[in-house]
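> quick check, what structure comes out for this input:
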Amino acid sequence: MGLVIAAGISYFSASWAAYFSLMDAQSNFYSKQNLCEGFVYLNRAPSFLESKIAALPGISDFETRISKEIVLDFPGEVYPSAAQLISLPEHTNTLYLKKGFLPKQNQDVIISENFANANHLEPGSVLSSIIGGKRVFLHVTGIGLSPEFVYVFRPGNPMPDDKHYGIIWMKREAMEANFNFEGAFNQVIFHFASEGEDRLRTMRDLDALLDEFGGLGAKERKLLPSDSFLSDEFRQLRTTAVFLPGIFLAIAAFLLHIISNRLISKEREQIATLRALGYTSRDVVVHYLKLITFITAISSILGVTVGYFLGNGMTGLYGRFYKFPQLIPIFPPLLALFSVSFGILIGGLGTIISLRSIIQLDPAQAMRPAPPGTYTISFWEAWITNLRTIQRMVLRNLFKRPTRTILTILGLSTSIMIMIIGNFIQDTVGTLLDLQFNTIQKETLTLVFRIPVEDSILFELKERKGVFLAEGQRSIPIKITKNRKSKDTVLTGISEGSDLRRILNHNLQPIDIPVYGIMMNTDLANKMGIRKGETIVIETLDGEKRKITVTVSAFANEILGQGVFINRNNLNRMLDEGSLINLALLKTDPLEDKNLIEEFKDNPLVIGLFSKSAILTAFKAVMQRSLQSTSIVILIFTIIISIGVIYNTAMITLSERIYELGSLRILGFSLKEVFEIIAWELTWQIFVAIPIGCFFGNKLANLILNSNETEGFKIPVVIFPSTYYYSILLALTTAGISFIIVYRKLKTMDLLSVLKVRE
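Residues are numbered from 1 along each chain as shown. Prediction:
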């Protein structure tokens, strides 16, 4: 019992310790490096607009910059890498330099730490890049961190791939020369001069100023990709810090209730004697509360001790993904005090209901042995007349005490439920990977073109050796607005009957792109309050801005992302353009991928190249790093709780039945027959608890994933049969071990001391 409480408290305190550590590191990093409060991306704007931006009353400080994505080529590396190249900041979003020095020459750069570590780069390394169709060699002078990129991932792929994507900072003059951006910029980062509605007015004023230059709309800090992801992660951590320990401690409270209730029933005569001798109900209640408080306090202190070290480990694990200059584990004394108090409170709540019976106890009546239960022959007993005597005794005992039987079954079911919770995430992630990379995305290579090109290029691609199939897509950034809600997303034009890009419905079955109208992600539609058949207005944010009226004709169930889809021919017509594409999906021979990639890397039309196998490898590596450690911790706790529940149930049953079992031994029942009674009683309850535990485990898994759902991720709950089998097997194994212990206790039972009258 103590280990069950300790497990809950340790996970509770460790999760909150990691949360406080991350929040402290984030707050310090954002403050010291002056992270912007707002930002806006655009196509290209002249530098003379800076004076107009400075004149806006709602902006206290701002900085313009240049940002472009470039392709990197590492010798000996099959798959190409990419990087976001950004002009060096002056006073906003400043860099924390971990190694080296700031760039001095035009081709000097600073690179992000994770990218440097993944590619074994140090100050002095040279990078081969493709900038503007030309090969440019970049000299690494330093390795740094930015508050804007605590979590780095490539647009369109929400999982980090540090091996193939990073952030690079270069002198502003060098970027102007390389990209022909003299006297121009394409991003603004700024701080607000006020709060609330004034911020909205400031962003509208800024949008009006930059709209004609392809402004994509001013946004607040919370919509920065890294900060948005961190906010979701912190919210999940808060939820987990309450939810999972809450389950553990609720089980502990439930078991404490059963134990204390049966303990009081067992000691009713002693309690009555104390009451008759002048002790008040309050005195007796306080005695039992002290007993439970001592047990829970010791268990909670053990939990806090384990939680301290576990919290340090969790903080270190988060530090692998979220790069802060200083991520120091924090374990506030108040957290330790609260955790211990919380554990004691849970113990008190689990016991207090049972203690009511002490107050209601009549001393004169309770000093006598408890009267036997009222037993009558039930109609169902006619069906079990052919069973052995022991089997009939077991079934009668279970049905004649329904409350105790139900509570025991519920307690046993939690052991199976908690094991399912500890294992299901592996099944879910495996299914997610299979759906995303084998059902939805069937291409092996994806090409991103610098500018939209005629789809006739697909015929050229098909002629290349190793290319089995080629399909084109046209995608543009859009803004969807309804009432006061708006959302920036991507509208993707997919060819009718596409074989390489499938869209799923709510049953996760592939469906065709509608002939007319658009297909919207279900979650996005729900958030925007958009219904099927509704006509909405979308605004294109790429190139010439235009507002287009479209009908929502179908819904999609995307796992990764919140996109909107349309027939590609319809999108081309809406944009008044020819049959253009800006992405090409290729189904290729894996043996020819290396040669194809080498060809595409040097193609000036290709600005991005994605390999499904490389993305999948990176995805699995991230999942293995993140899930393996946390899953092991949760699994250890769930095993402790599962064993604790079953073992405690067996010991409680033995303790309260010891007098009856001893009497049966005196009456001539053998040790084997007496053991059979208690073993069969527990076995029947375990068998009934198995489906109940599986049912609650499934529902709880859904609840956990729904409470942790984030924008860009919709993970379907999948639990493999093997997970159910494993959970059931552990429960049965624990029951078997408990039976061995029960048998040994019965074998060594002193019948004289068990049966003597207690005065």
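> the closest residue in space to L237 that isn't next to it in sequence: neighbouring residues, count only.
Of all residues not flanking L237 in the chain, Y19 sits nearest, at 5.0 Å (Cβ to Cβ, 6 or more residues apart in numbering). All C-beta spots, glycine's among them, are computed from the backbone N, C-alpha and C. Neighbourhood size, Y19 [other Cβ atoms under 10 Å]: 22.
> quick one: neighbours of I328, just the number.
By other Cβ under 10 Å, 12 other residues sit near I328.
> what sits against it?
21, 24-25 (Cβ atoms under 8 Å, 6 or more residues apart in numbering).
> give the buried residues for the helix or strand harbouring V490.
For V490, the element it lies in under DSSP states H and E is strand 485-494. Buried residues in strand 485-494, counted by 16 or more other Cβ atoms under 10 Å: 489-494.
> stretch 107-119 now?
Here stretch 107-119 shows 107-116, 118-119 as buried, counting by 16+ other Cβ under 10 Å.
> end-to-end on it?
With Cα to Cα, to the nearest Å as the measure, stretch 107-119 spans 19 Å from end to end.
> that stretch: how far from the chain's middle?
28 Å (Cα atoms, centre = their mean, to the nearest Å).
> over to stretch 392-411?
How far stretch 392-411 lies from its chain's middle: 39 Å, per Cα atoms, centre = their mean.
> and for stretch 493-504?
For stretch 493-504, the distance to the chain centre is 29 Å (Cα atoms, centre = their mean).
> pull the longest helix from this structure.
The helix that spans the most residues within the chain, counting by DSSP state H, is helix 612-666.
> show the average pLDDT along that one.
For helix 612-666, mean pLDDT is 74.
> swap in stretch 72-91?
The model assigns stretch 72-91 a mean pLDDT of 87.
> right, and L575 touches I476 too?
Yes. L575 is within contact range of I476, at 7.4 Å (criterion: Cβ atoms under 8 Å).
> got any residues that touch both of those two?
T540.
> packing partners for the strand holding V490?
strand 467-482, helix 522-528, strand 564-567, helix 568-574 (3 or more Cβ pairs under 8 Å, 6 or more residues apart in numbering; DSSP states H and E).
> G311 is nearest to which of the ones you listed?
helix 522-528 (32.9 Å; Cβ to Cβ).
> can you name the next helix or strand after the closest one?
Counting by DSSP H and E, the next helix or strand C-terminal to helix 522-528 is strand 535-540.
> leaving out sequence neighbours, find the closest residue to T522.
Nearest residue to T522, sequence neighbours excluded (Cβ to Cβ, 6+ apart): F555, at 4.7 Å.
> quick one: low-confidence parts of the stretch 251-400 of the chain?
Confidence mapping of the stretch 251-400 of the chain against pLDDT under 70 gives the ranges 357-385.
> so which residues of it form strands?
Using DSSP state E, counting those that start in this stretch, no strands are found in the stretch 251-400 of the chain.
> and the helices in it?
For the stretch 251-400 of the chain, the helices defined by DSSP state H, counting those that start in this stretch occupy 268-276, 281-321, 333-359, 363-366, 389-400.
> hmm, back to that, TSV for the contacts of I328, including pLDDT?
Formatted as TSV, these follow (pLDDT from 0 to 100):
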residue	pLDDT
S21	95
D24	95
A25	95
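> same list (the residues you listed) but as JSON lines, adding secondary structure and neighbour count.
Listed next are these as JSON lines, based on DSSP: H, G, I helix; E, B strand; the rest coil; neighbours: other Cβ atoms under 10 Å:
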{"residue": "S21", "secondary structure": "helix", "neighbour count": "23"}
{"residue": "D24", "secondary structure": "helix", "neighbour count": "16"}
{"residue": "A25", "secondary structure": "helix", "neighbour count": "22"}
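> closest to C694 among these?
Ranked by distance to C694 (Cβ to Cβ), the contacts of I328 are led by S21 at 36.6 Å.
> let me see the contact set for the residue lying closest to I353 once chain neighbours are set aside.
Setting aside the residues directly before and after it, I353 is nearest to H257 in space (Cβ to Cβ, 6+ apart), at 6.1 Å. Contacts here follow Cβ under 8 Å, 6+ apart; on that basis H257 touches 350-351, 353-354.
> what does L302 give?
Applying Cβ under 8 Å, 6+ apart to L302 gives the contacts 2, 6, 9-10.
> can you do 6 Å?
Going by Cβ atoms under 6 Å, 6 or more residues apart in numbering, L302 touches A6.
> do you know how far it is from I641?
15 Å (Cβ to Cβ, to the nearest Å).
> how close does W684 sit to L504?
Separation of W684 from L504 (Cβ to Cβ): 43 Å.
> now stretch 128-145: mean pLDDT?
Rounded mean pLDDT across stretch 128-145 is 89.
> buried sites along that stretch?
129-131, 138-145.
> pull the residues that contact that stretch.
Against stretch 128-145 from outside (Cβ under 6 Å, 6+ apart): 70-73, 95-101, 103, 107-111, 113, 116, 121, 123, 125-127, 178, 323, 325, 604.
> which ones among the buried residues of stretch 107-119 map onto helices?
Per DSSP H, the buried residues of stretch 107-119 map to helices at 113-116, 118.
> re the thing from before, can you list the buried residues of strand 485-494 in JSON lines and add pLDDT?
Formatted as JSON lines, those follow (pLDDT from 0 to 100):
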{"residue": "T489", "pLDDT": "87"}
{"residue": "V490", "pLDDT": "89"}
{"residue": "L491", "pLDDT": "92"}
{"residue": "T492", "pLDDT": "92"}
{"residue": "G493", "pLDDT": "93"}
{"residue": "I494", "pLDDT": "93"}
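> now, which of those sits nearest I480?
For these, the residue nearest I480 by Cβ to Cβ is T489; the value is 6.6 Å.
> next helix or strand past the helix or strand containing I130?
If you go by DSSP H and E, I130 is part of strand 126-131. Per DSSP H and E, strand 126-131 leads on to strand 134-145 as the next helix or strand towards the C-terminus.
> that next one to strand 126-131, inter-axis angle?
With axes from the mean of the first three to the mean of the last three Cα atoms, to 10 degrees applied, the angle from strand 134-145 to strand 126-131 works out at 120 degrees.
> got the contact list for the following helix or strand past strand 134-145?
Toward the C-terminus, strand 134-145 is succeeded by strand 165-170 as the next helix or strand (DSSP H and E). For strand 165-170, the external contacting residues (Cβ under 6 Å, 6+ apart) are 82-86, 88, 109-112, 115, 149, 154.
> so what's the closest residue in space to F12 that isn't next to it in sequence up against?
In this structure, F12 finds its nearest non-sequential neighbour in P245, 3.5 Å apart by Cβ to Cβ, 6+ apart. Residues near P245 by Cβ under 6 Å, 6+ apart: 8, 11-12.
> which among these end up buried?
Looks like the contacts of P245 have 8, 11-12 buried, using 16+ other Cβ under 10 Å.
> the domain parsing of this structure - what is it?
Following automatic domain parsing, the chain resolves into domains at 1-41+228-371, 42-227, 387-441+612-759, 467-588.
> in CSV: these, plus distance to L461.
Formatted as CSV, those follow (distance: least, Cβ to Cβ, whole Å):
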stretch, distance to L461
domain 1-41+228-371, 30
domain 42-227, 17
domain 387-441+612-759, 16
domain 467-588, 4
